[in-house]
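[1] What would the 3D arrangement of this be:
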Amino acid sequence: MNLLDIIGFGLKVGHLLLLLCYWFLSLISLNWLSNGGIMTTKTGLFGDGGQIWKLWDHISECGCKIQHPYSLFIGSRKVRKNWWRKLLIAWIVFGIILSLAVFWYLSSQAVEKRKETLGSMCDERARMLQDQFNRTFARYTEKTSFERPLTSGVAYAVRVLHSEREQFEIQQGWSIKRMDNVEQTPVHEDEYDPADLEPSPVQDEYAPVIFAQDTVAHVISVDVLSGKEDRDNVLRARESGKGVLTAPFRLLKTNRLGVILTFAVYKRDLSLDATPAERIQAAAGYLGGVFDIESLVEKLLQQLASKQTILVNVCDTTNISHPISMYGSNTSSDGMHHVSALNFGDPFRKHEMICRFKQKQPWPWFAVSTSIGILIIALLVGQIFYATVNRIAKVEDDYHEMMELKKRAEAADVAKSQFLATVSHEIRTPMNGVLGMLQMLMDTHLDETQQDYVRTARESGKALVSLINEVLDQAKIESGKLELEAVSFDLRAILDDVLSLFSGKSQDKKVELAVYVSSKVPVTLVGDPGRFRQIVTNLVGNSIKFTDKGHIFVTVHLVEEVVEMETERDPSSSLSGLPVVERRRSWAGFRTFNQDTSTSSSSLSSLPDQIHIIVSVEDTGQGIPVEAQSRVFNPFMQVGPSITRTHGGTGIGLSISKCLVHLMKGEIGLASLPQIGSTFTFTAVFTNGCSNFNDHISQQVNNQSNTISSEFQGMKALLVDSNRVRAKVSKYHIERIGVHVEVISDLSLGFSPGETPIHMVFIEEEIWDKNLGMSFVLLNKLSKDYGVTPKTLILSNSANSTRSGFSTSGVPTPFVVTKPLRASMLAASLQRAMGVRGRGNHCNEELRTLSLSNLLHGRKILVVDDNPVNLRVAAGALKKYGAEVVHAERGKDAIRLLTPPHYFDACFMDIQMPEMDGFEATRRIRDIESSIKSGIQSGELSVEAYGNVSEWHVPILAMTADVIQATSEECSKCGMDGYVSKPFEAEQLYREVSRFFQTVSDENH
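    Just a heads-up that it's a prediction; the model follows:
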């Protein structure tokens, strides 16, 4: 087995492993995708993960061809239990068979290589041995004894005819001896005596040895023709002219195996083609070389460096049935052998050399390690397959278990939602009665003490309803059912309402509360005003709770304005002069501000109608410790255990605010320093309300503001305030009512009067108290310059601040305007100061009441509710605005009353009622209206029978305390036109009623 075979085999195994790896990885990717990306990563784990997923997709694509046939089966539960076990067993059996086959193949290759090595070594030794014999007599005799070191001795026998024997024996001094006895009975050197030999028998010719080397001198006088085998060898050598070998025999004296190589000596040179007769006639004698085979082979092996690695046997195989061992032993530790033929030049004799390795064949470690490695790889692949299939099976089991748990969780969530809806309905229904009756009680004639008692009870009830709403909002958020409305609203009016809500607390604490809205923010926006108010109310409420001095400042800008701002504000330049936390720190983590300028600008201006606003609530309160800032947005979390005892609260307001901000596609953040204060900032996305279909609603709101501000259009005011931020806020609110404002920072500064007279002077309370004399000088100067004494208004944080004791000739007592400033409150204060009455002298609630009265006056409305208390409350609220109310306690009664023809303008229907709920009743009413419409259009019904109205559609508003299930979407599915929650609020009632009564009015007129 050569190196190329090993490399090729390794490449095949590597290719197989690569395919298996592709298959394994593709199974993992399929498993990951089937589980919705659970193995899924988070973004920051690998940084930029785009290249990693491209590589993963490439691996999956490469392995899909292998994986596809298996993925069709592995996913089933049947395969997971039966087929894959059989495949695994088959794979392990295949791996065992493959490893054994590789072991057998590599072992056989090692054996073949060992045989080749043995054969080459044996053939080499055979060639060297036969080279000692394959020579002619002339070549042999040319060598000296030094060049013939492997011969044991040389002897010469002369040819003697019988007639010459006697004379020859006399001449030599010894008689010719017979050789047969010596061959039959080999003797050692100490036992041999030539005199004991018998004379050679009479024969035609003799060949006595007349010369021999000392090593074989004992053969002198022996007739080599007297032995049968020697005679045949001599005669064959004489006739052929070549050397002839004898059979192996025991050498005299040494008793070792040897052979004699015999050559014929001729009297003259003969040609190569001489006949045997000519050779016999020319023969003169015979030369024999004695070879000790054992010594000869030993000397040959000593000339080779590897003589110790193999065992050599030399045999005479002339008689194949009885071979003669000439050298070596038959013992061997290895059964492997090789036979090399020996050619000693005698064609009548055959010899062989048998070679064996001296040591046993070593263990084929390469074959063992390779087969074991293949077996281990097969077992590892089987283990991977086993683990993969088990993993898939486990994932499938987990998936089914998760689906079961999901169903249970969904069922539990539904049960939870139903429970909350039921609890909400059961709690809000009696609260609706309590608050409604308290409101009706307030509309009666009560003295101040009674009014205070009723107002306190009503506020407590509203607080309870607010707490219930927060808990239900948290439940909505957890169930993912919280949705936002899309209606037109005035952001500035909502912020004024929030200021009105907290004005009493801020005045009691003498904390300045203010709002500033940038002039770039549109007047009308489209969004969810209730949720926006809820966010701002939560943030301002927290600030009021934790602020005992200084100020609370709410600012609203467009995000584009903040992005373009490059200079930071001085922290000491604040509304109250106290140090504050830099607002930029509160939005430092927003994605909008972390983008580059071009990207941020393009993203903000992607849709022309979208308005991105940023709202900040800044306070100078206690601040939030650094370790607690990370958990302030968690539900039911407080900064510390003492906070709840000191300030109260549930700890879910900020959590709800964060979720609402996210629904508005915005972000929320904070920056806080202990004992300095906190700043909360959030962003929100609204739509510009100028192009919205609800423009008529925003127009009504604007008309109300115009009614208030039209009285002061063209007037001019002077504002005295040394605080630049506070002066900016005061100027913003005064200009909202149509008054032009000029600002000076100090009374001592000169004021250049213009052509337009100053109608009013607003002076900050601290400047008035500090520079009373300068205030008098300024007012007298203005009176002289314009001939009219301007009205003096002092801006104060306390509701108890009065200036009744101030009396000077020509200067009236100043009016006090209590902060926080709002457009309606400021207009009312100016009306009192200017002596204006009647027109525009209504607060927002009064204006809303007047608008509702205009909409509902004379309307015939059906109220459907199974609760008598709720019927009384709803009827009382609607009658308050001039509506004519009819009662119904069941859904079947509502169907009977609203079956055309009828004279109802609208219907307020409770949803949760016995026998038939509001959804089913509404659905049946719509079916009746639809069938009548179809009958009139087809001519089956007469339009005169239905009051000459071809299309009947009475507006139906859902009226329920269930704020989770009774959503506008569910109401619209059954044909309802709107949704009103219990208890009634004038603003919500106005918003819902104005949508369809406007249409009804248009149709009637």
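[2] going forward, measure contacts and count neighbours with C-alpha atoms only.
    Fine.
[3] show me where the stretch 501-650 of the chain has strands.
    Assigned by DSSP state E, counting those that start in this stretch, the stretch 501-650 of the chain shows strands spanning 512-517, 524-527, 551-558, 610-619.
[4] The third one to strand 512-517, inter-axis angle?
    Read that as strand 551-558. Going by axes from the mean of the first three to the mean of the last three C-alpha atoms, to 10 degrees, strand 551-558 is angled at 10 degrees with respect to strand 512-517.
[5] Give me the residues contacting strand 551-558.
    If you take C-alpha atoms under 8 Å, 6 or more residues apart in numbering as the criterion, strand 551-558 is touched by 511-518, 520-521, 540, 543-544, 575-576, 611-620.
[6] give me every residue that touches the nearest residue to Gln474 once chain neighbours are set aside.
    Excluding its sequence neighbours, the residue lying closest to Gln474 (C-alpha to C-alpha, 6 or more residues apart in numbering) is Ile656, at 6.4 Å. Going by C-alpha under 8 Å, 6+ apart, Ile656 touches 470, 473-474, 477, 635.
[7] Show me just the buried residues among the contacts of strand 551-558.
    Neighbour counting with 16 or more other C-alpha atoms under 10 Å marks 511-517, 521, 540, 543-544, 575-576, 611-620 as buried within the contacts of strand 551-558.
[8] As a markdown table, the strands of the stretch 501-650 of the chain with mean pLDDT would be great.
    Shown next, in a markdown table, are those (pLDDT from 0 to 100):
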| stretch | mean pLDDT |
| --- | --- |
| strand 512-517 | 93 |
| strand 524-527 | 92 |
| strand 551-558 | 94 |
| strand 610-619 | 93 |
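[9] Adding distance to Tyr386, write these out as TSV.
    Formatted as TSV, these follow (distance: least, C-alpha to C-alpha, whole Å):
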stretch	distance to Tyr386
strand 512-517	68
strand 524-527	57
strand 551-558	61
strand 610-619	57
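[10] do you know which of the ones you listed lies nearest Gln831?
    strand 512-517 (21.6 Å; C-alpha to C-alpha).
[11] Direction included, what does the closest one pair up with?
    The pairing partners recorded for strand 512-517 under DSSP bridges are strand 551-558 (parallel).
[12] angle of the strand it pairs with against strand 610-619?
    170 degrees.
[13] Dump strand 551-558 to PDB, keeping only the CA atoms.
    C-alpha atoms of strand 551-558 as PDB (Å, rounded to 0.1, in the frame of the first residue of the first chain):
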ATOM      1  CA  HIS A 551     -40.600  74.600  40.800                       C
ATOM      2  CA  ILE A 552     -42.100  72.000  38.400                       C
ATOM      3  CA  PHE A 553     -41.700  72.900  34.800                       C
ATOM      4  CA  VAL A 554     -43.300  71.200  31.800                       C
ATOM      5  CA  THR A 555     -42.000  72.000  28.400                       C
ATOM      6  CA  VAL A 556     -43.100  70.800  25.000                       C
ATOM      7  CA  HIS A 557     -41.000  71.200  21.800                       C
ATOM      8  CA  LEU A 558     -40.700  69.600  18.400                       C
END
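[14] Following the chain onward from whichever helix in the chain runs longest, which element is next?
    Of all the segments of type helix in the chain, defined by DSSP state H, the longest one is helix 365-442. Downstream of helix 365-442, the next assigned helix or strand under DSSP states H and E is helix 448-479.
[15] After that following helix, which helix or strand is next? Please name it.
    In N-to-C order, the element after helix 448-479 by DSSP H and E is strand 487-490.
[16] strand partners of that following strand, parallel vs antiparallel please.
    Applying DSSP bridges, strand 487-490 is found paired with strand 524-527 (antiparallel).
[17] what's near enough to touch Lys267?
    Here Lys267 is in contact with 282-284 (C-alpha under 8 Å, 6+ apart).
[18] Could you single out the nearest of those to Ser369?
    Scanning the contacts of Lys267 for proximity to Ser369, where the rule is C-alpha to C-alpha, the winner is Ala283, at 70.1 Å.
[19] In the stretch 401-550 of the chain, where is pLDDT below threshold?
    Applying pLDDT under 70 to the stretch 401-550 of the chain flags residues 421, 425, 479, 481.
[20] what does the stretch 651-800 of the chain give?
    Flagging of the stretch 651-800 of the chain using pLDDT under 70 yields the residue ranges 651, 690-710, 747-755, 772-777, 779-780, 782-788, 799-800.
[21] which residues in it form helices?
    Using DSSP state H, counting those that start in this stretch, the helices of the stretch 651-800 of the chain run over 653-663, 695-709, 724-736, 765-770, 772-786.
[22] ok now the third one, how far from the chain's centre?
    This means helix 724-736. Counting by C-alpha atoms, centre = their mean, to the nearest Å, helix 724-736 is centred 53 Å from the centre of its parent chain.
[23] Which strands and helices lie in contact with that helix?
    strand 512-517, strand 716-720, strand 740-744, helix 823-834 (3 or more C-alpha pairs under 8 Å, 6 or more residues apart in numbering; DSSP states H and E).
[24] Please point out which parts of it sit buried.
    Buried, per 16+ other C-alpha under 10 Å, within helix 724-736: 725-727, 729-736.
[25] can you put the residues you listed in JSON lines and add distance to Pro868?
    Below are the buried residues of helix 724-736 laid out as JSON lines (distance: C-alpha to C-alpha, whole Å):
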{"residue": "Val725", "distance to Pro868": "55"}
{"residue": "Arg726", "distance to Pro868": "53"}
{"residue": "Ala727", "distance to Pro868": "55"}
{"residue": "Val729", "distance to Pro868": "50"}
{"residue": "Ser730", "distance to Pro868": "50"}
{"residue": "Lys731", "distance to Pro868": "52"}
{"residue": "Tyr732", "distance to Pro868": "49"}
{"residue": "His733", "distance to Pro868": "46"}
{"residue": "Ile734", "distance to Pro868": "48"}
{"residue": "Glu735", "distance to Pro868": "50"}
{"residue": "Arg736", "distance to Pro868": "46"}
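[26] Quick check: of the residues you listed, which lies closest to Arg832?
    Set against Arg832, the nearest of the buried residues of helix 724-736 by C-alpha to C-alpha is Ile734 (15.3 Å).
[27] quick one, what contacts that closest one?
    Residues counted as contacts of Ile734 (C-alpha under 8 Å, 6+ apart) are 740-741, 823, 826.
[28] Now do the strands in the stretch 801-950 of the chain.
    Assigned by DSSP E, counting those that start in this stretch, the stretch 801-950 of the chain shows strands spanning 815-818, 860-864, 884-888, 906-910.
[29] Next: the stretch 251-400 of the chain.
    Using DSSP E, counting those that start in this stretch, the strands found in the stretch 251-400 of the chain span residues 257-266, 283-292, 310-316, 324-327, 337-342, 351-357.
[30] Specify the strand with the largest residue count in this structure.
    Counting residues, the longest strand found in the chain (DSSP state E) is strand 677-688.
[31] Burial check on the closest residue to Ser745 other than its chain neighbours, number of neighbours?
    The spatially closest residue to Ser745, leaving aside those adjacent along the chain, is Ser722, at 4.1 Å (C-alpha to C-alpha, 6+ apart). For Ser722, the count of nearby residues is 17 (other C-alpha atoms under 10 Å).
[32] isn't Ser722 right up against Val743?
    No - look at Ser722 against Val743 with C-alpha atoms under 8 Å: they stay out of range, at 9.3 Å.
[33] Nearest to Thr444 among the strands of the stretch 251-400 of the chain would be which one?
    Once the strands of the stretch 251-400 of the chain are compared by C-alpha to C-alpha, strand 351-357 is nearest, at 130.1 Å.
[34] list the helices and strands the closest one packs on?
    Packing partners of strand 351-357 (3+ C-alpha pairs under 8 Å, 6+ apart): helix 84-130, strand 310-316, strand 337-342.
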